[in-house]
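Chemist: I'd like to go over a predicted model; first the sequence, then the structure.
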Amino acid sequence: MYYILKREDLRPWLEAINREYTLFVPRTRDGFGPYEGELYLEGKTRLSAKEFFLPWREPLLVYEARPGALPKVVEGPVEKRVVFGVRPCDARGVILIEKVFSPDPFWQKRREATSLIGLVCEEPGTECFCWAMGVNPFSGEGLDLVLVPHEEVYLVKVITEAGKKLLSLSRAEEGGEEAFLSREKEFKAKFPVSPALEKLREKDLMTIYEAPFWEELALPCLNCGACTFLCPTCYCFDVQDEVVGSEGVRVRLPEACMFELYSRHASGHNPRRSPMARFRNRFMHKFKYFLDEYGEPLCVGCGRCNEECPANINLWDIVRAMSEV
Amino acid sequence: MSTLTEKIREAVQKVLAEGLAEVVLGYTQGSLPYRNRVTAVNTPEETSKLIWPSFGVLNPANVLHKLKGKKVALISPGCVSRAVVVLCQEGQVKRDEVYLLGVPCPGMLDPSKVRDLGKKILRVEDDFKEKVLVVTSEGEKIVAREELLRQNCLECRHPTPPVYDELLEGEARKPSPSPYQKVEEIEAREVSARWQWFQEAVVSRCIRCYACRNACPLCYCPTCFVDDSRPQWVGKTRDPVDTALYHLVRAYHLAGRCVDCGSCEAACPMDIPLRLLTKKLEKEALSAFSFESGLDPEAPLLLTTFREEDPEDFMITQELKALGKI
Amino acid sequence: MVAAPKKDMIPLPAKIEKVVVETDDGLLKSFYLRLLDEEAQREFKHTPGQFAMLSVAGKGECPIGIASAPSEELIMFTVFRTGLVTDALHRLPEGAIIGLRGPLGNGYPLEKFRGKNVVLIAGGFAVTTLRATLVYLLEHREDYGEITMIYGARNPGLLLYKEELAAWRKREDMKLYLTIDREAPGWDGLVGFVPQITEQVAPSGENAVALVCGPPIMIKFTLPVLEKCGFGPEQVYLSLENRMRCGIGLCHHCNVGPFLVCRDGPVITLAALKRLPPEY
């Protein structure tokens, strides 16, 4: 079902949603926050919408810090919330992570409690390549509603019942299907899926792993967590017990496979001791291990890594090298 | 092609041909018009990828640890040379195992200042003197270089490397007459306002990716205090107390050592003004001990040196004296 | 979203019923646990070779191989004191409550081994899950062919399960070769490294499987010996260890290439291991 929403009707709609639910929006280039009027729609945010599902700090258990105390399970968030302005690449990231996380109760609770309203980009960002990774921003995958900025209006496609209910709070009117579909067609014609993915599927895992290019590509890498933490598909986590006074809490938090500590055994032995080995593991995971297991790369082409990598490492240099080895 | 780039390539060819080094660390073109990348050159044929960058914002001295056992030459503007000097002083690098190809530095441009000039940046032409031509999707802009320089370059006191094995010809920026203006702006605030600045600008925005630490040529501890688990000095989440502790300890750990290359700030994916913390400590070292780091590989280190005339006004005894108790 | 069966990270409270100091250096202790929840205790069914996450509140969790056999009443773990959690665990007295999550991982395919000769080769404290396996095999003695165990430690004081070793030694339906690295006073058994002893014992690879657990260096030198004895790579079973956080295939820390030690292992054949990147 397709609708048309006038641009000037966007804010009243957001206000209406905010009256009934907790509404989060992209507030600045940095990222999302509760809706308080501030709205950043010029491009994608630095921090992705991943944090609504894999938050920076997820308490799993609480306990009294004394021997023998029994831990209590933390009830995950249940408050209904709506996130507006989710880029289709970020929504696709949620779908990819879900392939792994669907059995996780904390993930499930957060997913059930969250509605996502997508916003297609006016035009691709400098470092974007979602199409190359097989993302169709118009599909609405992972979203409840998807909005396409078009001339003076937003073209809206309803994906789920929840989305329809949210849209009923607006002054949107039925229509716009033709414009929506022609925009989608235009996009697909202009931006094809990368042939690199097919090549990666066919390549032998160990041939890529043992290729000589890794050393050179990894040289400038700082092995920091910038790419990982900004990536909408990186899902590795750490678990930490934190004790303050008599209160203990076990938390789950994002972790980067680039860190030396990530794979270091308690004995000190580290199967990925070298910075290159950790660098390689990140990209092997995204473009070979995950691809082989789930049929899709663990990348949505949002380009955040390319934009923000301190060392200016470019994902395409790596994908190209991997697929052409 | 800038003449500096030509000079660098020529010099590097010579360095490799004469065996002065096995590998050369410098910069190459990046993936965007406003980015450059650190690269290693092993053969004379590869020298064509080297450039003198406009956006050489990471310190290649940081890569030295990956090339242990090799004699390495570095394209060295002031801050690269100074970082290597500190590494020599601290026993991390032997002076005769590095070859410093000094470059009088005209200062580097700030990628985010250039990025913000238009929707899409298509091309950047830098004359390395006065003007920068930036071609954006909306048109061309000519901007004074001074306006686009990185903050640490604007505040640099040693654009010409103090230590080198060979110095290329060129015109360096003049040493900054007011390196601590930004620090002083913060200093001038009330304590509570300074704390608020620290919380808002640094702590709340940090995602604990450690890009700042990993980009720093002088952060080389085999196990950083944040990674220790026995004891666990600091929590690992974005909890404000833990994040604050990380930044304060990191900054203090660089007191009397930091050469203000700005790598930490450039590396930060969240654009946190990290340099202000280290710059403040640099200012303290200068005012209390007349000390500047990285100027002489033979000089003793500030924090391992005691002189009787060292000021002690940070010690509580001063207060006690003032109170007439001792 | 498709609702998948939940796999959570919530440990069950377990009481330390008994602690046994296993080695002279005191670095290895066996913890005999009973889940507080009676039903959970009754339903705790594992396969030898599986592991569990043990957790000490305030310190964290770590993966430890289950050393007890499925038939044994208490769930037993022999723990080497080496990191944050194991250090805390070692300080706990009998009666203390800890957390247990498991059983996790795949375990040895014991059904598949029926009718075959089984050779268990252990070095140092990696013997734990092979102890569980041996107890199981002896309980189902008629289902298996010859059972041979080769077990080595640096010195006699570091051998685990000494009373059981003595009992196994007396049995006629299995062969136990105990060895220590160097001569020691009072030791009248074999002396030599595990690979050398394996070479002397020369178990036949015909209709047999070998289960090898030990330090990397031992494994490295034992594998060629097994090959010489006629064990093909699909007849040799190893057990991997990697740092892990969740134990249920989410956190990705323990990956060896595409292989997740917690989900796809820890038990793996040499044949499968050879196809993976050497990241263990």
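Modeler: That came through fine. Residues are numbered from 1 along each chain as shown, chains lettered A, B, ... in the order given.
Chemist: Correct me if wrong: C:E139 contacts C:L110.
Modeler: No: when contacts are counted by C-beta atoms under 8 Å, C:E139 is not listed as touching C:L110 (10.8 Å). From N, CA and C alone the C-beta is placed, and that goes for glycine too.
Chemist: Neighbour count for the two, which is higher?
Modeler: Using other C-beta atoms under 10 Å in any protein chain shown as the criterion, C:E139 and C:L110 rank with C:L110 on top: 18 against 12.
Chemist: Need the three-state assignment for that one.
Modeler: Secondary structure state of C:L110, per DSSP: H, G, I helix; E, B strand; the rest coil, is coil.
Chemist: Might one say that it is in contact with C:T133?
Modeler: Yes: counting by C-beta under 8 Å, C:L110 touches C:T133, with 7.3 Å between them.
Chemist: Residues in contact with both of the two, list them for me.
Modeler: C:P48 (C-beta atoms under 8 Å, 6 or more residues apart in numbering or on different chains).
Chemist: got the residues of the stretch 51-200 of chain C near chain A?
Modeler: C:55, C:57-62, C:82-84, C:86, C:92, C:96-97, C:99 (C-beta under 8 Å from any C-beta of the partner chain).
Chemist: Could you rerun that using 6 Å?
Modeler: C:A57, C:G58, C:K59, C:G60, C:T82, C:G83, C:A96, C:I97 (C-beta under 6 Å from any C-beta of the partner chain).
Chemist: ranges for the strands of chain B?
Modeler: Listed in chain order, the strands found in chain B under DSSP state E are B:23-29, B:36-41, B:72-76, B:98-102, B:121-126, B:131-136, B:139-144, B:166-167.
Chemist: Point out the most buried one among those.
Modeler: strand B:72-76 (a mean of 26; mean count of other C-beta atoms under 10 Å in any protein chain shown).
Chemist: elements contacting it?
Modeler: strand B:23-29, strand B:98-102 (3 or more C-beta pairs under 6 Å, 6 or more residues apart in numbering or on different chains; DSSP states H and E).
Chemist: How is chain C divided into domains?
Modeler: C:12-103, C:117-239 (automatic domain parsing).
Chemist: quick one: which of the ones you listed is nearest A:V153?
Modeler: Nearest to A:V153 among the domains of chain C is domain C:12-103; the distance by C-beta to C-beta comes to 52.5 Å.
Chemist: per-residue confidence averaged over that closest one?
Modeler: Across domain C:12-103, the average pLDDT comes to 95.
Chemist: Ok, stretch B:148-167 next?
Modeler: The average of the pLDDT scores along stretch B:148-167 is 96.
Chemist: Buried ones in it, by neighbour count?
Modeler: Neighbour-count burial for stretch B:148-167 flags B:148-156, B:158-165, B:167 (criterion: 16 or more other C-beta atoms under 10 Å in any protein chain shown).
Chemist: List the contacts of it.
Modeler: Outside stretch B:148-167, the residues that touch it by C-beta atoms under 6 Å, 6 or more residues apart in numbering or on different chains are B:76, B:78, B:81, B:85, B:99-102, B:104-105, B:107-110, B:113-114, B:132, B:172-173, B:175-176, B:179, B:260, B:262, B:275, B:295.
Chemist: what about it, distance to the chain center?
Modeler: Remark: stretch B:148-167 is offset 10 Å from the chain centroid, using C-alpha atoms, centre = their mean, to the nearest Å.
Chemist: again, but for stretch B:62-69
Modeler: 17 Å.
Chemist: ends of it, how far apart?
Modeler: Stretch B:62-69 has an end-to-end distance of 15 Å (criterion: C-alpha to C-alpha, to the nearest Å).
Chemist: close to chain A, is that stretch?
Modeler: No: Stretch B:62-69 lies apart from chain A when judged by C-beta under 6 Å from any C-beta; the minimum separation is 6.6 Å.
Chemist: Give me the contact list for that stretch.
Modeler: Contacts of stretch B:62-69 (C-beta under 6 Å, 6+ apart): B:L25, B:P217.
Chemist: Give the buried residues for it.
Modeler: For stretch B:62-69, the neighbour count (16+ other C-beta under 10 Å) marks B:N62, B:V63, B:L64, B:K66, B:L67 as buried.
Chemist: Report the buried residues of the host helix or strand of A:T207.
Modeler: Taking DSSP states H and E as the definition, A:T207 sits inside helix A:205-209. Within helix A:205-209, the residues scored as buried using 16+ other C-beta under 10 Å are A:L205, A:I208, A:Y209.
Chemist: Need the nearest residue in space to the first one, chain neighbours excluded.
Modeler: Of all residues beyond its chain neighbours, the one nearest A:L205 is A:K288 (5.7 Å), with distances taken as C-beta to C-beta, 6 or more residues apart in numbering or on different chains.
Chemist: Partner strands of the helix or strand hosting C:M76, with direction?
Modeler: Using DSSP H and E, the element containing C:M76 is strand C:75-80. Strand partners for strand C:75-80, identified by DSSP bridges, are recorded as strand C:28-35 (antiparallel).
Chemist: Is chain A within reach of the helix or strand following the strand it pairs with?
Modeler: Scanning forward in sequence from strand C:28-35 by DSSP H and E, the next helix or strand is helix C:38-43. No: interface with chain A: helix C:38-43 contributes nothing (C-beta under 6 Å from any C-beta), its closest point being 13.3 Å away.
Chemist: number of nearby residues for the residue in chain C that chain B sits nearest to?
Modeler: Closest residue of chain C to chain B, C-beta to the nearest C-beta: C:L84 (4.9 Å). Other residues near C:L84 come to 17 when the count uses other C-beta under 10 Å.
Chemist: Provide a list of residues in contact with it.
Modeler: By C-beta under 6 Å, 6+ apart, the neighbours of C:L84 are B:S229, B:R230, C:K59.
Chemist: so which of those would you say is closest to chain A?
Modeler: Among the contacts of C:L84, and counting by C-beta to the nearest C-beta, the member closest to chain A is C:K59, at 5.8 Å.
Chemist: List phi and psi for the closest one.
Modeler: Backbone geometry at C:K59, expressed as degrees, to the nearest 10, gives phi -120, psi -40.
Chemist: Same question for C:M149.
Modeler: phi -120, psi 130.
Chemist: surely it meets C:K175?
Modeler: No: with contact defined as C-beta atoms under 6 Å, C:M149 does not count as touching C:K175 (7.2 Å).
Chemist: Return the residues of the stretch 151-300 of chain B in contact with chain C.
Modeler: Counting by C-beta under 6 Å from any C-beta, the stretch 151-300 of chain B sits next to chain C at B:S229, B:R230.
Chemist: Could you list the low-confidence segments of the stretch 151-300 of chain B?
Modeler: For the stretch 151-300 of chain B, applying pLDDT under 70 flags no range at all.
Chemist: could you redo the last one with a cut-off of 90?
Modeler: Along the stretch 151-300 of chain B, segments meeting pLDDT under 90 span B:222-223, B:228-233, B:288.
Chemist: residues from it in reach of chain A?
Modeler: So far as C-beta under 6 Å from any C-beta goes, the stretch 151-300 of chain B lies against chain A at B:207, B:209-211, B:214-215, B:227, B:235-238, B:267, B:269.
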